[in-house]
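Asks: I would like the atomic coordinates for the input below:
(chains A, B, C and D)
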Number of protein chains: 2
Amino acid sequence: MEVEPRENASSAPPPRRSDRTRSVILDVARRHFAAHGFERTTIRAVAADAGIDPALVIRYYGSKARLFDAALDITLRLPDLSGVPADHLAEALLRHFMVRWEHESADDTLLLLLRSAVTNDRAAERMREIFATQVAPGLGGPHAEKVGLIVTQLLGLALSRHLLRIPAVVRLTPGEILALYVPAVGGVFQLPRGREAR
Amino acid sequence: MEVEPRENASSAPPPRRSDRTRSVILDVARRHFAAHGFERTTIRAVAADAGIDPALVIRYYGSKARLFDAALDITLRLPDLSGVPADHLAEALLRHFMVRWEHESADDTLLLLLRSAVTNDRAAERMREIFATQVAPGLGGPHAEKVGLIVTQLLGLALSRHLLRIPAVVRLTPGEILALYVPAVGGVFQLPRGREAR
DNA sequence: TGAAAAAGTCAACACTTGGTGGCCTACGTT
DNA sequence: AACGTAGGCCACCAAGTGTTGACTTTTTCA
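Replies: So this is what the prediction gives:
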């Protein structure tokens, strides 16, 4: 696989001339996967969009599945909420994702992950991994048992506004969403810490 | 099921001998679409599962797309919330959908709609229609501008619990979800009626 | 300069898909 | 019983897919 034989004993592997092509392919592939999901994305379309031959995609990534895996190698850039007081957590969270998602040229990271995960088991598993390793630790601590429902609300928002594009949700301005939704997310945050025993 | 050309001038169209096959096909197709989405569902698989020849599917439904349309002809059985006082709306809503979704043999209606709509434009459009004609009117009235975010929360729950199966959400018991999530949904409901001008 | 290695192209493959038309069978009506 | 028709099956087609291997072009470097 292992597209990277490391011959260099030192830290960084030697740069290849094809690195640029590799990353172009990956970029284009990410856009296609985010826009159409796994099945409807064809290697031929990605290659055409990247201006190269379909065979190159296979050469560098082995297969469509492995290209998909590479595209799912995602690092969410989560905000640092360590200093935020509990009663402002909801607003800070929402505000952060709103500004990121609203902008046109925003990263497709979330769309890629969400759209893929709904119809593709591999992507769903990857999403759970990302949740466990990148999301839960950051928001964990005293709110451990609530993290799931916080994320649920954020995903719901992304889903209905950016994927399903439900008019009643699309119509709202960012300010309106903030005003209406912060109390909702806060409603989970501000519950008493220990819930009844399970 | 409303796949019935009405030739009969009287009330009921004449029953055909093939009606049973038709409905079997539609049932199986709904299950497949709900489980795998549009692209990954093949006519051959549906036919095999229904125990008939693939050609029959085309014969009765014309094409895969039209079979999909027929499968999307859905009537949500929404609860009647007219008599529920405002401060119990959230709980009533959540409780209703929880009991429907939790049960094993539950209807796949939501999964079908949700899973399809994320990768298929036709399904997304159908979902917006259903929202506009079946959901919004029922919840509308004084909460008109909030309906979108209420639905957002319900969809988010269905998404993370039943589609993505995020462990932190799956792990929760129905009672826990109710306890944690009712304040959230209520947080939207109980906002002052008129929000700042748009 | 020349040769080896890398980068990229091309044509073809095996396979799956949705879809079509012809054919056989079983039923219902007269 | 005969026959017309609807229900069902089979073989097949054309298009599109991921993937492969051989080939050509470009770069690298001794």
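Asks: Check which helix or strand whichever residue of chain A sits closest to chain B maps to.
Replies: Nearest residue of chain A to chain B: A:Gly156, at 2.1 Å (CB to the nearest CB). Where you see a C-beta, it was placed from the backbone N, CA and C, and this is true even at glycine. Per DSSP states H and E, A:Gly156 falls inside helix A:147-158.
Asks: now swap in A:Val84 and tell me
Replies: Under the assignment here (DSSP H and E), A:Val84 is part of no helix and no strand.
Asks: Look up how far DNA strand D lies from it.
Replies: 44 Å (CB to the nearest atom of the strand, to the nearest Å).
Asks: contacting residues for the nearest residue to A:Leu180 once chain neighbours are set aside?
Replies: Of all residues not flanking A:Leu180 in the chain, B:Leu149 sits nearest, at 5.4 Å (CB to CB, 6 or more residues apart in numbering or on different chains). The neighbourhood of B:Leu149, defined by CB atoms under 8 Å, 6 or more residues apart in numbering or on different chains, consists of A:169, A:172, A:177, A:180-181, A:184, B:188.
Asks: Domains in chain A, by residue range?
Replies: Chain A breaks down by automatic domain parsing into domains covering A:19-71, A:86-189.
Asks: Could I get those domains in a markdown table, plus columns for mean pLDDT and distance to DNA strand D?
Replies: Below are the domains of chain A laid out as a markdown table (pLDDT from 0 to 100; distance: least, CB to the nearest atom of the strand, whole Å):
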| stretch | mean pLDDT | distance to DNA strand D |
| --- | --- | --- |
| domain A:19-71 | 97 | 3 |
| domain A:86-189 | 89 | 13 |
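Asks: So for B:Ala132, which of the ones you listed sits nearest?
Replies: Closest of the domains of chain A to B:Ala132 is domain A:86-189, at 7.3 Å (criterion: CB to CB).
Asks: Near the closest residue in space to A:Val118 that isn't next to it in sequence, how many other residues are there?
Replies: Excluding the flanking residues, the one nearest A:Val118 by CB to CB, 6+ apart is B:Val118, at 4.5 Å. When counting by other CB atoms under 10 Å in any protein chain shown, one arrives at 24 neighbours for B:Val118.
Asks: Then A:Arg126?
Replies: Neighbour tally, A:Arg126, other CB under 10 Å: 20.
Asks: Give me the contact list for the helix or strand containing A:Ala90.
Replies: Secondary structure assigned from DSSP H and E places A:Ala90 in helix A:89-102. Outside helix A:89-102, the residues that touch it by CB under 8 Å, 6+ apart are A:79, A:81, A:84, A:106-107, A:110, A:150, A:154, A:157-158, A:161-162, A:174, A:177-178, A:181-183, A:185-186, A:188-189.
Asks: make it 7 Å
Replies: A:79, A:81, A:84, A:106, A:110, A:154, A:158, A:162, A:174, A:177-178, A:181-182, A:185-186, A:189 (CB atoms under 7 Å, 6 or more residues apart in numbering or on different chains).
Asks: quick one: which of those residues is most hemmed in?
Replies: Of the contacts of helix A:89-102, with other CB under 10 Å as the count, A:Tyr181 tops at 27 neighbours.
Asks: Identify the spatial nearest neighbour of the residue of chain A closest to chain B, chain neighbours not counted.
Replies: In space, A:Gly156 is closest to B:Gly156, 2.1 Å off (CB to CB, 6+ apart).
Asks: hmm, back to that, tell me which residues of the helix holding A:Ala90 are tucked away?
Replies: A:89-94, A:96-98, A:101 (16 or more other CB atoms under 10 Å in any protein chain shown).
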